[in-house]
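Enquirer: Predicted model, plus sequence, below.
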Amino acid sequence: MKNYIINTAASTVEALYRFFAFHWEVAKRLVRPPYYPKLIWEQMDRVGVDSLPIVVLTSFFTGFVLAFQIGYALMRFGAKLYVGGIVSVSLVRELGPVLISLVFAGRVGAGITAELGSMQVSEQIDAMRALATDPIRKLVMTRFLAAVIMLPILVVVGDLIGILGGMLVSVMNLGLTANFYRTSVVNALVFNDLISGFIKPLIFGGMISIVACYFGLTARGGTKGVGDAVTRTVVVSSVLIFLLDAFITKVLFLMGM
């Protein structure tokens, strides 16, 4: 039992060391060209534009259900007039960045891991190194920058769609007017809410892409290994989203934001 605990601890420390060493390798390449802008643009289309339908659906029904629950709860106290402000602040500060990042991790993160993992087990990565091409710069950096750029944009679009979903409920079920709902949203949101809602997806996008690329490039054992790597990507990304969300929220709160 003692040896098992020691071996497990040693394996965990080694895995963490390799994980953060991979982060350092990516960070070193951020400050030196080339950056392959054409490949970055292609990845932006794949991770951003192709994710738009699922983001729109997720955001719309999140705002729809949130307005339903909050609206009917506030009606008991005669405070349904505040539903627009509560829905908008909840979406912009927390629900939008977290839920859309989870969807992003499940769709984009898993896809990146599967793609790079298949290249790894089929020895395409070794072939790139043999041709003096840096796989981290060409494969990882392009996906990292695309995710960092596109996830905040997806979150902004998702927030707007979610607020529209809340407006639909407010007008059709709660008896509010669209103009009043829009005014309450504008009055409720302040600059700090927008900053918080932008910082989180920026960090989440970089984290998801790095985790996905790491597990993809370290996949071993054929197709089974690729499947295991995809599972680890989704699980680790999801856990880190919640951990980072709590940490960022606490830091922003201490900064008065």
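Expert: Now that the structure is in, tell me what you want to look at.
Enquirer: Report the contact partners of the closest residue to Tyr36 other than its chain neighbours.
Expert: Spatially, and ignoring its direct neighbours in sequence, Tyr36 is nearest to Thr142 (5.5 Å; C-beta to C-beta, 6 or more residues apart in numbering). For the C-beta atoms, the positions are set from N, CA and C on the backbone; glycine is no exception. When contacts are counted by C-beta atoms under 8 Å, 6 or more residues apart in numbering, Thr142 touches Tyr35, Tyr36, Leu39, Ile40, Glu42, Gln43.
Enquirer: Pull the most distant pair out of the residues you listed.
Expert: Maximum pairwise distance among those (C-beta to C-beta): 13.1 Å, between Tyr35 and Glu42.
Enquirer: re the thing from before, now, of the contacts of Thr142, which are buried?
Expert: Taking 16 or more other C-beta atoms under 10 Å as the criterion, what is buried in the contacts of Thr142 is Tyr36, Leu39, Ile40, Gln43.
Enquirer: Following element in sequence after the helix or strand where the last one lies, please.
Expert: What that stands for is Gln43. Element membership of Gln43 [criterion: DSSP states H and E] is helix 37-47. Sequence order places helix 52-75 as the next helix or strand after helix 37-47, per DSSP H and E.
Enquirer: elements contacting that following helix?
Expert: Secondary-structure packing of helix 52-75 (3 or more C-beta pairs under 8 Å, 6 or more residues apart in numbering; DSSP states H and E): helix 83-90, helix 96-104, helix 141-172.
Enquirer: Quick one, which of the ones you listed gets closest to Thr113.
Expert: helix 141-172 (10.5 Å).
Enquirer: Mind listing what's buried along whatever helix or strand comes next after that closest one?
Expert: Counting by DSSP H and E, the next helix or strand C-terminal to helix 141-172 is helix 178-188. By neighbour count on 16+ other C-beta under 10 Å, the buried set for helix 178-188 is Tyr181, Ser184, Val185, Ala188.
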